[in-house]
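Asker: return atomic coordinates for the entry below.
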Amino acid sequence: MAQQAIEVFRACIPLFNALSDPARQDIILMLAEHETLSVNEIAEQSNLSRPAISHHLKIMRDNHLVEIEQKGTQRYYSLSLDQSVKQLKQLIEIVESECIL
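Answerer: Residues are numbered from 1 along each chain as shown. Okay, the predicted model is just below:
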């Protein structure tokens with residue numbers, strides 16, 4: 001079972017990296033408050049440039065933290081945490097069952 005714990009830990013590394021950045025944490029909190037936002041709307045509430053926000057959103061999208069809805073020419077981002085929460089719960093379960101004595 002130790003090998004399974006290692007695999008779960010390793011699988012969480014990209015998610016931890018995505019969540020570790022303060023700018024991405026700020027974007028998550030903005031989306032939690034507003035449900036959906038465009039890059040421009042996020043930029044209005046941030047000190048980051050639009051390209052920087054797009055970069056962070058791509059990382060978040062790659063790690064299944066946000067999803068996109070296209071409305072005309074605008075792309076709206078919203079939180080999509082189900083897969084990430086499931087992955088973190090799996091890590092917690094394995095730590096509780098395998099690592100806590």
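Asker: how about the helices in this protein?
Answerer: 2-19, 22-34, 39-44, 50-62, 82-98 (DSSP state H).
Asker: may I see the buried residues of stretch 63-74?
Answerer: Buried positions in stretch 63-74, judged by neighbour count with 16 or more other Cβ atoms under 10 Å: 63-66. Glycine gets a C-beta too; all of them are placed from N, C-alpha and C.
Asker: assess the claim that Q90 and V8 are in contact.
Answerer: Yes - checked against Cβ atoms under 8 Å, the pair Q90 and V8 is within contact range at 5.7 Å.
Asker: which one's more surrounded, those two?
Answerer: With other Cβ atoms under 10 Å as the criterion, Q90 and V8 differ in neighbour count, and V8 comes out ahead with 18 against 14.
Asker: sort out for me which of the buried residues of stretch 63-74 are in strands.
Answerer: Of these, the ones assigned to strands by DSSP state E are V66.
Asker: how near is E44 to Q90?
Answerer: E44 sits 37 Å away from Q90, taking Cβ to Cβ, to the nearest Å as the criterion.
Asker: kindly apply the preceding question to A5 instead.
Answerer: Taking Cβ to Cβ as the measure, A5 falls 10 Å from Q90.
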